[in-house]
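Asks: Sequence isn't available, so here's the structure alone:
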């Protein structure tokens, strides 16, 4: 026996729930594309939300970093299949020497490790959300867009 899905959440509630998810979740699926072939590349990465930018940490020589350096469009999947947030944004690579110490501290606190202390070179990625979609069930699909052109609706 399956239960009926909850009624669709109003826009304000979906925005509130999404902000809470960004502030409390540690990991996201991050999708980039190879600039030469267009092949997708998706990896799980830890992140921290600053309130305007998603800060990701990954190996400086990773395919994710090289993809972003050549082509900045990314997508992040956060949450569960039945409570998902998709972030479409632009990313930039921030070298360890150039990262804002407060952002690096926030990332270390959230991720549970500090890339600045590792022997392997790391880089940070700044993802600026341009579009965010959030939904739980089919009944929220029609109004899943909660950010457009970098502005909450």
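Replies: Right, received. Where do you want to start? This structure is a prediction, so every number in the text was calculated from the model and none was measured.
Asks: where are the low-confidence patches of this structure?
Replies: 1-2 (pLDDT under 70).
Asks: so where's the longest helix in it?
Replies: helix 11-24 (DSSP state H).
Asks: Can you list the buried residues in that one?
Replies: Within helix 11-24, the residues scored as buried using 16 or more other CB atoms under 10 Å are 14-15, 17-19, 21-22. Quick note: C-beta positions are derived from backbone N, CA and C, even for glycine.
Asks: Summarise which helices and strands that helix is packed against.
Replies: With contacts taken as 3 or more CB pairs under 8 Å, 6 or more residues apart in numbering; DSSP states H and E, helix 11-24 sits against strand 73-80, strand 83-95, strand 122-135, strand 145-148.
Asks: Most tightly packed of those strands?
Replies: The highest mean neighbour count among these, using mean count of other CB atoms under 10 Å, belongs to strand 122-135: a mean of 21.
Asks: which neighbours does that one have in its sheet, and in what orientation?
Replies: Strand 122-135 pairs in its sheet with strand 54-59 (antiparallel), strand 83-95 (antiparallel), strand 145-148 (antiparallel), by DSSP bridges.
Asks: And for the shortest one, what's in contact with it?
Replies: In other words, strand 145-148. Strand 145-148 is touched from outside by 11, 14-15, 18, 129-134, 152-153, with contacts defined as CB atoms under 8 Å, 6 or more residues apart in numbering.
Asks: Quick check: which of the strands paired with strand 122-135 is nearest to residue 111?
Replies: Distances from residue 111 to each of these were compared using CB to CB; the shortest belongs to strand 54-59, at 6.5 Å.
Asks: So what angle separates the directions of that closest one and strand 73-80?
Replies: When axes from the mean of the first three to the mean of the last three CA atoms, to 10 degrees is applied, the directions of strand 54-59 and strand 73-80 differ by 100 degrees.
Asks: Could I get the buried residue list for strand 54-59?
Replies: Along strand 54-59, these residues count as buried under the neighbour rule (16+ other CB under 10 Å): 54-58.
Asks: Buried by neighbour count: which residues of whatever helix or strand comes next after that strand qualify?
Replies: Following strand 54-59 in sequence order, the next helix or strand is helix 63-70 (DSSP states H and E). For helix 63-70, a neighbour-count test (16+ other CB under 10 Å) marks 64-68 as buried.
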